[in-house]
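>>> with the input below, show me the fold.
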Amino acid sequence: MEKKKVVVGMSGGVDSSVAAFLLKEQGYDVIGVTMQIWQDEEEEVMEENGGCCGLSAVDDARRVAQVLGIPHYVMNFKKEFKEAVMDYFVEEYIHGRTPNPCIACNRYVKWEALLNRSLSIGADYIATGHYAKVKRLPNGRLAIANSETAAKDQTYALYNLTQEQLSHTLMPVGEFEKPKIREIAKEQHLPVASKPDSQEICFVPDNDYAGFIEREAGNLVPKPGNFVDKNGNIIGCHKGITHYTIGQRKGLNLPMGHPVFVTDIRPETDEVVIGEAEDVFTTELYAGKVNFMGVESLNGEERFLGKIRYAHKGQWCKVSMAGEDKIHVVFEEPVRAVTKGQAVVLYRDDYVALGGVIL
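Below you'll find the model as predicted:
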């Protein structure tokens, strides 16, 4: 029987490197691919940025591929990354929303673009080093399920994948705890065994989102405006709405005599609304651009565990349709800092049932 061919997206990190090793061990015909997504910049800047985009990522992935004895290629996805991730990131912030670029990158670059190109060269699957599993449910649908490493679980950022994409996806790392992955890398003498995990958004390595948006958007960047309270009273001036996000406390520089928080952002008037700690909590939200994963549809009101951001532990909620492509989520306990532009991801048991973008 002919071996199934799998393209492994190799970022130069330990997780994707071990994913390639595990699949080779399982008998797959493995091809390593590093996605070139970093825009044209000075070589030193790319080196410094590292992460999953820099030149060092290509070098590290190539060295791992040599150790494993698999072919390695670099594929150019700069255009797709610029349009689907960077432009979207800037656009969302300008309109007062807080995007999750990793979700967009997973859906439109790592899966849509890489998968299409991989299938066109005869591959059967793509694989990544994500801490998650692909699970076939009793209802016949495929879903992203929780990995063995709860602390590294990456299911939230993968909620938007389609059934077709999941049918061509392998995630071997999801079966292991993170320390075991490093152990395997050391045993196999992979040169990235001790490489630290990348933390920040790869195209904003200094974490200065507002500075990045100003450089990218130029004249479209929102100008300074007013801090207002919930009754519309002006209480100060702010630097521009792209500097703020819901729930933020630091960097407001308001002489209120006690901690206050950002409770809303109004792009149409360039106002940032300030309130008390309790004003940041809510029990409901609406979300659009719904992706059904583990369930095909909602039958009236159904109960799920909902996560409103990557690091959120989750809260039980009731979910129902509120229009053709819109859901209404009501939490059983108040949740903090529901933020427009982030995703709400709804879990049943250990798998992703559905998710959408918070409105």
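
>>> and stretch 134-151, what's buried?
134-135, 137, 141-147, 149 (16 or more other Cβ atoms under 10 Å). The C-beta positions use only the backbone N, C-alpha and C, and glycine is treated the same way.

>>> so where is the stretch 51-200 of the chain shaky, pLDDT-wise?
51-55, 149-152, 199-200 (pLDDT under 70).

>>> so which strand or helix has the residue nearest the centre of the chain?
In the chain, the residue lying closest to the centroid (Cα atoms, centre = their mean) is Cys102, at 2.8 Å. Assessed by DSSP states H and E, Cys102 sits inside helix 101-104.

>>> quick check: next helix or strand after that helix?
helix 114-120.

>>> just checking, what packs against the helix or strand that that following helix is followed by?
Counting by DSSP H and E, the next helix or strand C-terminal to helix 114-120 is strand 125-127. In terms of contacts (3 or more Cβ pairs under 8 Å, 6 or more residues apart in numbering; DSSP states H and E), strand 125-127 is packed against strand 5-9, helix 14-25, helix 114-120, strand 169-170.

>>> may I have the strands that pair with the helix or strand following the second one, each with its orientation?
Read it as helix 14-25. For helix 14-25, the following helix or strand on the C-terminal side (DSSP H and E) is strand 29-36. With DSSP bridges as the test, strand 29-36 is paired with strand 5-9 (parallel), strand 72-76 (parallel).

>>> so strand 29-36 versus helix 14-25, what angle?
160 degrees (axes from the mean of the first three to the mean of the last three Cα atoms, to 10 degrees).

>>> any idea how far strand 29-36 is from the chain center?
Taking Cα atoms, centre = their mean, to the nearest Å, the mean C-alpha location of strand 29-36 is offset from the chain mean by 21 Å.

>>> also stretch 102-113?
9 Å.

>>> and that stretch, which residues are buried?
102-113.

>>> how long is it from one end to the other?
Start-to-end span of stretch 102-113 (Cα to Cα, to the nearest Å) is 15 Å.

>>> contact partners of it?
9, 35, 37, 77, 80-81, 84-85, 88-89, 126, 128, 157-161, 165, 169, 201, 310, 343 (Cβ atoms under 8 Å, 6 or more residues apart in numbering).

>>> can you mark which positions in stretch 74-81 are buried?
Applying 16+ other Cβ under 10 Å to stretch 74-81 flags 75, 77, 80-81 as buried.

>>> go on, stretch 317-334?
Buried residues in stretch 317-334, defined by neighbour count with 16+ other Cβ under 10 Å: 317-319, 327-329, 331.
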